[in-house]
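**Q** What follows is a predicted protein model with its sequence.
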Amino acid sequence: MIQLRKSGDRGHADHGWLNTYHTFSFADYQDPSHMGFRSLRVINEDRVQSGMGFGTHGHRDMEIISYVLEGALEHKDSMGNGEVLRPGEFQRMSAGAGVRHSEFNPSVTEPVHFYQIWLLPQSKGIQPSYEQKFFTEDEKRGKLRIVASPDGAEGSLTIHQDAKVYLSTLNPGESVKHTMLAGRHAWLQVLRGSVSVNGTLLETSDGLAVSDERSLTIVGERSAEAMLFDLA
């Protein structure tokens, strides 16, 4: 079963400094039919204007992944981490027993465009932790590069959930295939360009929920970048 989540159907808020789209219910956007998918709780596509950002605030019991598409994102947290994410870089923050952080666009001229993703953890109250990793274009070109997993496989981020996250960039006509094990589910989010998944066309910012499929064949229709979540 495949269910398409069109980009234009997402929740949307424009605060001036922040232009944000919510795949699932978040903040003032509440839709009982879109509260998440399996352990995925939040997929927000954010654009933050130069010199602006999210002030220091707290989180608890959530796996938070950020991925920068354009611009730069400065991270600071109560664990003592202070980093800047640039295009192609991921950060993973396990909020666990509680952490405070801020995310800020340090540029004086350019906006930052990034995805913020939350997954529910397998257990509550874990020790908070932070990781940041960069994956090259060659690593994801024409293949599914694992970027997050429960065991940090192949140098991926380590997340505290039975989920694997993959990233792929595809030229037109280029394809990758993902085998779905029994009882697994998937979510595919198109970050740029367009792809087809088992014959279903997805454009930029579209998402796709997948259950009861044996495999997924992802084909680049226009030059594309897509993120795939393999979920329990």
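**A** Structure received. Owing to the predicted nature of the structure, the values given are computational and were not obtained by experimental measurement.
**Q** Do I have it right that Trp187 meets Val210?
**A** Yes. The pair Trp187 and Val210 qualifies as a contact (CB atoms under 8 Å) at a distance of 7.0 Å. Every C-beta, even on glycine, is put in place using the N, C-alpha and C of the backbone.
**Q** For the longest strand along the chain, which helices and strands make contact with it?
**A** Determined from DSSP state E, the single longest strand within the chain is strand 215-231. Helices and strands touching strand 215-231, by 3 or more CB pairs under 8 Å, 6 or more residues apart in numbering; DSSP states H and E, are strand 163-170, strand 175-179, strand 185-197.
**Q** Give me whichever of these is most buried.
**A** strand 163-170 (a mean of 24; mean count of other CB atoms under 10 Å).
**Q** what does that strand contact?
**A** Contacts to strand 163-170, defined as CB atoms under 8 Å, 6 or more residues apart in numbering, come from residues 38-40, 65, 67, 119, 135, 137, 140-150, 153, 156-157, 159, 176, 178, 193, 195, 218-220, 223-232.
**Q** Show me which of these are buried.
**A** Neighbour counting with 16 or more other CB atoms under 10 Å marks 38-40, 65, 67, 119, 135, 140, 144-149, 156-157, 159, 176, 178, 193, 195, 218-220, 224-231 as buried within the contacts of strand 163-170.
**Q** mind checking how far the residue nearest the centre of the chain is from Gly80?
**A** The chain has Ile117 as the residue nearest its centroid, 4.4 Å off, counting by CA atoms, centre = their mean. Plainly put, Ile117 is 23 Å away from Gly80 if you go by CB to CB, to the nearest Å.
**Q** Kindly report the same for Pro87.
**A** 25 Å.
**Q** Just the helices from this protein, written as ranges.
**A** In the chain, the helices defined using DSSP state H lie at 137-140.
**Q** tell me the contacts of Ser175?
**A** By CB under 8 Å, 6+ apart, the contact list for Ser175 reads Thr217, Ile218, Val219, Gly220.
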